[in-house]
Structure formats: C-alpha cells, structure tokens
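K.L.:
no FASTA, just this:
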C-alpha cells in the first residue's frame, strides 16, 4: 500500500483555494469591488458587465484612489488598510477588510487596475494574471479607481463550468447592487450590461432609494421605523400586512451599514405582525446600528451572515420597532368621509382603511354566509350552493376548458385507475354543496367526493395558462375603462419588459411606460381590476428565478398566475360558479393534484360509508 505524503501547497494553489471562499460567482467579484469603492468614500460608482460578468466586469469609482507605494500590496494576500491586528477583527467598521479580495480575483481571472490617489498628480495602470504582475505604467486619469476583470475563473475552468446562465448571473448582480445601494443612498450607482442600463440610482434619501428599487407606490404605503433604546438603534421602512409578498427577496437587512442575511431579524420582523396572509412575508428594509464589538461579521467568508452578542435583545428590539412603526402608521389619519355631503376631506378617515385587502373581503363575505340551515352550525357549516351570493364576479369561472393532452401534468399522488374512474360523473344530475366556503361536496355513483375549491381552480387556471403559452392567441382581455399605471421594482420591471409577449398571452394588455412603470389597459376575463395588479406583482416576482428552459419558464409563469388569480378558500360561490368549476376541473389532464402539489379531490367510497353506519353492502343502489 502506498501512503500519500503530506506536502505544502504552492502559493498559486493556496490563492485559488482562498478565492473559492470569497469569489464564488460574478456577483461575488462585484460585491468585493463595490465595497472597496465605498470604503474609499466614492460618491459615484459605475458597474459594467458582459455575459453576466463571466467575460467582463468593470467597476469605476471617484474615491480617493490607491497610492503608488501601495500598488504592490493592493493585490497581495493578507494585505489591507482596514485592520492592523487581531483585535481589530472584533470591531470592524469598514465593508471590505479581508485583504484577499483583489488577490483572490487576480488568482482566478485577468485583472487590470487603474488608479490615481487624491494626493498625487499621476495615475497608474497595473495588469495582473494568475496572481503575477505582468505590467505597470504611469497614466493620466482623474482621481479614483477603475478595476477591470476579464474571463473570470480563467485559471479554474471547473468552477467556470458550474456558473449559471448569463441572465441568471446578471440577476444576482443586480440584486446584490440593489442591497449595497440601499445601504448607501448618498452614493450614485449605475449598472450596465453592454449598452443596456439595468439600474440608475440617484443620490437622495433612504425612502427615495427604496422607491427606486421597490417602486414608489409601494414605499409610499410603508411605515417608517425610528426606534432606539439608547444602545440599539433601528431605522427603515416596513410594509403593512396586506402588502406582504410571497417571497423574501424584497426583505433587506443591514447591520452597521452591511447587508446581511439573518434568520433572527427575519423571524422577529414577521412575528411583529399580529397576522400575515399564509405564505406571505413583509417587504421593506431594516437597518440595525449597534456597537461594532457586539456583532461578529467573520462567521461567513463573504460576510453575508453575522452573529450577535445578544440575540434576545436584537429580537425584542426589532419587534418593538416594527410594532411601533405600524402602530404609528395606522394612527396616521388620511381623509374624512362626510355622509351628508358625500365628499371626502383630509385627516380624519378611519385609520383601519389602510389594511383593506382582498382577503378581508373574502372573510367578511364568508362570515355573511355563516347562517346555516343546521342546528349545529359550529360543527358542520355547510351552505347549499343553491343559495345565491352577492359576488360581483359571477363569471369567475367560464365554461369547461377543453385542453389538449399536451397540457403538462403537475405532481402526482398515489391514485390507482379505479380511483380515477370512480370520480367521473354526469354534471346534469349532480347536486353540489359548499362546505365552509372552502370545499365542494357532491355524490357520485361510487360514493362521496370532496373537492378543495382553491386547489381545483389553481389546477384549472394552470393548465389553461400553460396551453395558452404554448399556443398563444385564444384568450381575450376585458378592456379597462381607465387604464392604470403600474410600478414595479427595477429588477422585476426589466424582466416584465423582456417577457411582455408571454404576459400578453395570458390576456394582460400591458405595455412599457418607461422607468419601471407599465400601462395596464386590459385584464383577463376572470379577474377584477383590484386583483389584477396583485397577480402581475406575483408573476413579476416569479420571473426573478431565471429561465432554465422554455418549458420550465412556461410552467413557472402559469403556476404563478394560477396561484395568484384563483378563487380563495373562504370565498362563497353560487351554484353556477361551482358547476363551472367542477366541469372545468374534470376537463383538465390532472384534476387530482394542484400545481403546488396539494390534493384536489378526496373520495369516500360508498362501501366504507355503509360499513361505518353498520349497513350491509347489498343495500347499495
């Protein structure tokens, strides 16, 4: 047996291992370079990309530059101007400090550095590849620094092979730059890919910067945070509960100006609300300021996670700050309604109007139908669907959607062929009943069937949308009397604009209106105008994950639409709506599982019902 010997690694190999800890993708390069620019007191930062940063990244700033005597150390390992000894690691106030950013980048790509220090009259250009300086020249240039990175992972092709598509890498860079820009609203940022401007953020207030990134309509409804216990200071903006979104991608956390990921902050923020819609997360930005010695930013190689000295204090403080901000936002009077004159005047309208939502409509309407023809209402609140409702969306469900066998099926459950056959029925003979405004109950020849109305409509809309995306042109829009201007976060607006043909195929008459805004002129027949905006927001959020393939993209788009546009649990339906929903459901390719993986249909065999009542099977008729 041959025993391997222990040997020291080469300096080149050590540099590449260190680079893997700090630089894992193009967004990591941009983050390190931009943080160095911010530490150099830059007031304007321009980031240029090609091929998602895989082939070309350039970061230009107007900071104070690098002195000529420091150029040799700028790309050397363990060299930095941010700390002097080990004690400084526990009181870091700068963004970049590791002393490995440029060294790591130079070891896995070709790096070109141009700089001029504010105290000097001449600038310098240095070219480094594989950690080796190839050339150095004097140049004439303005004060500041420009760093160009070409062919990232040129010297580590295995890592290069595992990078995502250019589009996915660009999205990660855009999201990362947005976080850095939020932490520095007094700095101008511009992000370009080729000739296309992805972000252009002007110097201004935090609220203005948040509006540029998330949309001013959303930010104008957020509650400002301003809280302190003399030790911990919390600032920011948070959304009210009804503006929560389905993903956490619009939650921004900052500790002492550093963008971080923190489960503690996220959980405390969410629990500060009395209730949130299921599966939703609040939106906004939360800034924590505390003594640097009470937070450890060294727990992650890229410093995206932090550890607090006192977790319970942080948790309690965030909850107090968010609750206080929301309470003050609710208490802000907006307008007064005078019943006699029928006019509105400012400042005395009911504060609870800020939290009006579709969900509250559904709940109040569900409560309206709780008067039941049974003496045990609290146990079995079934409402026969023959009772009429006051729903304005009587055409919520159109006729059966006859889809081709090509319609994609969702996740499967364990149904055998007899189960599937037993659910077939003649809709002209079936009597339906709605339970708790949530389930639809009806008898079939083999027993009793229960349908989850929310999951059923999600399945119907999913297959209809998927078929339309494959063969567009059949769905028509209902035109709005007054077109509406919609605003989206910068990243989502760019993706919406890029995928407008697919959005229009779903019957949204939508067109770009410039600077992250769109004009909505028509909406799908099954939607009302208030709900259409929320559906577009959810669709836009679903585009952020990127397009791995056309089929994957179509499925994700159809799933987002179906989830957002479908009927909700708790919504009362009239008999026509229920009948159309059941017809549509059993015309789909997979009526038993929703696109989200939830069961749609449950069957209770008549034999089992008879057995539980102590009846013999032969009495079946």
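P.N.:
Yep, it's here. Predicted, not measured: the structure shown is a model, and the values here were computed from it.
K.L.:
remind me which residues of the chain are low pLDDT?
P.N.:
Applying pLDDT under 70 to the chain flags residues 1-22, 75-100, 155, 274-275, 297-305, 329-431, 473-474, 545-548, 617-621.
K.L.:
Tell me where the longest helix sits in it.
P.N.:
Taking DSSP state H as the criterion, the chain has its longest helix at helix 311-331.
K.L.:
by contact count, what packs against it?
P.N.:
strand 223-228, strand 233-238, helix 263-271, strand 284-289 (3 or more CB pairs under 8 Å, 6 or more residues apart in numbering; DSSP states H and E). Glycine gets a C-beta too; all of them are placed from N, C-alpha and C.
K.L.:
To residue 457, which of these lies closest?
P.N.:
Closest approach to residue 457 among the helices and strands packed on helix 311-331 (CB to CB): helix 263-271, 27.6 Å.
K.L.:
ok, and for the closest one, which residues are buried?
P.N.:
By neighbour count on 16 or more other CB atoms under 10 Å, the buried set for helix 263-271 is 264-266, 268-270.
K.L.:
And for stretch 34-52?
P.N.:
Neighbour count says stretch 34-52 has 34-40, 42, 45-49, 51-52 buried, by 16+ other CB under 10 Å.
K.L.:
So which of the residues you listed belong to strands?
P.N.:
45-49 (DSSP state E).
K.L.:
Dump those into JSON lines; add distance to residue 225 as well.
P.N.:
Shown next, in JSON lines, are those (distance: CB to CB, whole Å):
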{"residue": "45", "distance to residue 225": "27"}
{"residue": "46", "distance to residue 225": "31"}
{"residue": "47", "distance to residue 225": "29"}
{"residue": "48", "distance to residue 225": "35"}
{"residue": "49", "distance to residue 225": "34"}
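K.L.:
Most widely separated two among those residues?
P.N.:
Maximum distance among these (CB to CB): 13.5 Å, for 45 and 49.
K.L.:
Run through who's touching the longest helix of the chain.
P.N.:
Residues from elsewhere that reach helix 311-331, judged by CB atoms under 8 Å, 6 or more residues apart in numbering: 222-227, 229, 231-232, 234, 238, 240, 264-265, 267-269, 271-273, 286, 288, 290, 308, 351-352, 354-355.
K.L.:
so what's residue 188 up against?
P.N.:
Neighbours of residue 188 in contact, by CB under 8 Å, 6+ apart: 43-45, 201-203.
K.L.:
ok, it to residue 580 distance?
P.N.:
Using CB to CB, to the nearest Å, residue 188 is found at 54 Å from residue 580.
K.L.:
one step back: from the contacts of helix 311-331, list just the buried residues.
P.N.:
Here the buried ones among those, as counted with 16+ other CB under 10 Å, turn out to be 222-223, 225, 227, 232, 234, 238, 240, 264-265, 268-269, 272-273, 286, 288, 290, 308, 354.
K.L.:
Bridge partners for the nearest residue to residue 525 once chain neighbours are set aside, pull those for me.
P.N.:
The shortest distance from residue 525 to any non-neighbouring residue, by CB to CB, 6 or more residues apart in numbering, is to residue 478 (5.4 Å). According to DSSP bridges, the residues that bridge with residue 478 are residue 523.
K.L.:
Tally up the residues packed near residue 478, please.
P.N.:
By other CB atoms under 10 Å, the residues close to residue 478 number 16.
K.L.:
residues contacting it?
P.N.:
522-525.
K.L.:
returning to that earlier point: could you save the contacts of residue 188 as CSV and add columns showing distance to residue 124?
P.N.:
Output for those, formatted as CSV (distance: CB to CB, whole Å):
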residue, distance to residue 124
43, 22
44, 21
45, 20
201, 30
202, 31
203, 29
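K.L.:
Now do stretch 201-220: distance from first to last residue.
P.N.:
One end of stretch 201-220 to the other measures 18 Å (CA to CA, to the nearest Å).
K.L.:
same thing with stretch 237-248?
P.N.:
This stretch, stretch 237-248, spans 15 Å end to end (CA to CA).
K.L.:
Next, the buried residues of it.
P.N.:
Within stretch 237-248, the residues that qualify as buried are 237-246, counting by 16+ other CB under 10 Å.
K.L.:
cool, and stretch 442-454?
P.N.:
Quick answer for stretch 442-454 (16+ other CB under 10 Å): 442-444, 446-447, 449, 451-454.
K.L.:
Show me what that stretch is in contact with.
P.N.:
Stretch 442-454 is contacted by residues 422-425, 430-435, 438-441, 566-569, 571, 573, 578, 581-582, 585, 594, 598-609 when judged by CB under 8 Å, 6+ apart.
K.L.:
burial count for residue 436?
P.N.:
A total of 14 residues lie near residue 436 under the criterion other CB under 10 Å.
K.L.:
all strands for the stretch 151-300 of the chain, in order.
P.N.:
188-193, 196-201, 223-228, 233-238, 251-255, 258-260, 284-289, 295-296 (DSSP state E, counting those that start in this stretch).
K.L.:
How about residues contacting the strand or helix carrying residue 519?
P.N.:
According to DSSP states H and E, residue 519 maps onto strand 517-524. Under the criterion CB under 8 Å, 6+ apart, residues 475, 477-480, 483-488, 493, 496-497, 506-513, 529, 532-533, 536, 565 lie in contact with strand 517-524.
K.L.:
how distant is that strand from the center of its chain?
P.N.:
21 Å (CA atoms, centre = their mean, to the nearest Å).
K.L.:
Show me which positions of the helix or strand following that strand end up buried.
P.N.:
Sequence-wise, the next helix or strand beyond strand 517-524 is helix 529-542, with elements assigned using DSSP H and E. Using 16+ other CB under 10 Å as the test for burial, helix 529-542 gives 531-532, 534-542.
K.L.:
Assess the claim that residue 252 and residue 284 are in contact.
P.N.:
Yes. With contact defined as CB atoms under 8 Å, residue 252 and residue 284 form a contacting pair (7.2 Å).
K.L.:
related to what we said a few turns ago, which members of the contacts of stretch 442-454 are positioned in helices?
P.N.:
Those of these mapping onto helices are 422, 578, 581-582, 585, 606-609, per DSSP H.
K.L.:
Is it possible to get a markdown table of the helices and strands packed on helix 311-331 that adds distance to residue 471?
P.N.:
Shown next, in a markdown table, are the helices and strands packed on helix 311-331 (distance: least, CB to CB, whole Å):
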| stretch | distance to residue 471 |
| --- | --- |
| strand 223-228 | 46 |
| strand 233-238 | 43 |
| helix 263-271 | 41 |
| strand 284-289 | 41 |
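K.L.:
quick one, which of these is nearest to residue 216?
P.N.:
Ranking these by distance to residue 216, with CB to CB as the measure, places strand 233-238 first at 11.8 Å.
K.L.:
Name every strand pairing with that closest one and say which way it goes.
P.N.:
Here, using DSSP bridges, strand 233-238 pairs with strand 223-228 (antiparallel), strand 284-289 (antiparallel).
K.L.:
want to try CSV for the ones you listed, with distance to residue 160 as columns?
P.N.:
As requested, the strands paired with strand 233-238 are exported to CSV (distance: least, CB to CB, whole Å):
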stretch, distance to residue 160
strand 223-228, 42
strand 284-289, 34
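K.L.:
And those: which comes nearest residue 131?
P.N.:
strand 284-289 (37.3 Å).
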